[in-house]
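Asker: Predicted model, plus sequence, below.
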Amino acid sequence: MADDDSERGDGDEGQTPLKDYWSSLQSNISKASKRVKESSHKAAKTASEWGEQQSEKIKSEMDVVALKRKNGILKT
């Protein structure tokens, strides 16, 4: 029974089930944090690109309205 992990001391002789669990938990948290960071960066980039597209679309529509007004097609 001396090889049983649950009977090991608190020294650094090896990993106990609790240490294994803690190490795995920390690793999973680190990986999840990286995924969240990447996802957030991608979402921010997508939102920025969408905003630029909407701005260009509105500017284009305003240019069309201004041109129609200039040519007398659209009255104010």
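Answerer: Ah, there it is.
Asker: other SSEs contacting the helix or strand S40 falls within?
Answerer: For S40, the host element (DSSP states H and E) is helix 17-70. Packing contacts for helix 17-70, counted by 3 or more Cβ pairs under 8 Å, 6 or more residues apart in numbering; DSSP states H and E, involve no helix or strand. C-beta coordinates here come from the backbone N, C-alpha and C atoms, glycine included.
Asker: now A66: how far from V36?
Answerer: 44 Å (Cβ to Cβ, to the nearest Å).
Asker: got it, and Q54?
Answerer: From Q54 across to V36, the span is 26 Å (Cβ to Cβ).
Asker: Please apply the same query to K70.
Answerer: Separation of K70 from V36 (Cβ to Cβ): 51 Å.
Asker: Test for you: state the pLDDT assigned to K70.
Answerer: On the pLDDT scale, K70 is placed at 88.
Asker: Check the one 5 residues further on too.
Answerer: At K75 the predicted local distance difference test score is 70.
Asker: same question, E56
Answerer: Predicted confidence (pLDDT) for E56: 98.
Asker: what about it, neighbour count?
Answerer: Residues near E56, counting by other Cβ atoms under 10 Å, number 10.
Asker: Same check on K19?
Answerer: Other residues within reach of K19, judged by other Cβ under 10 Å, total 14.
Asker: how about the residue nearest to K68 when sequence neighbours are not counted, secondary structure?
Answerer: Distance criterion Cβ to Cβ, 6 or more residues apart in numbering; nearest residue to K68, sequence neighbours excluded, is L74 at 3.8 Å. With DSSP: H, G, I helix; E, B strand; the rest coil as the basis, L74 sits in coil.
Asker: Now do the phi/psi pair for L74.
Answerer: L74 adopts backbone torsions of phi -120, psi 130, taken as degrees, to the nearest 10.
Asker: Surely it is in contact with V64?
Answerer: No. Between L74 and V64 there is no contact, the gap being 9.2 Å when judged by Cβ atoms under 8 Å.
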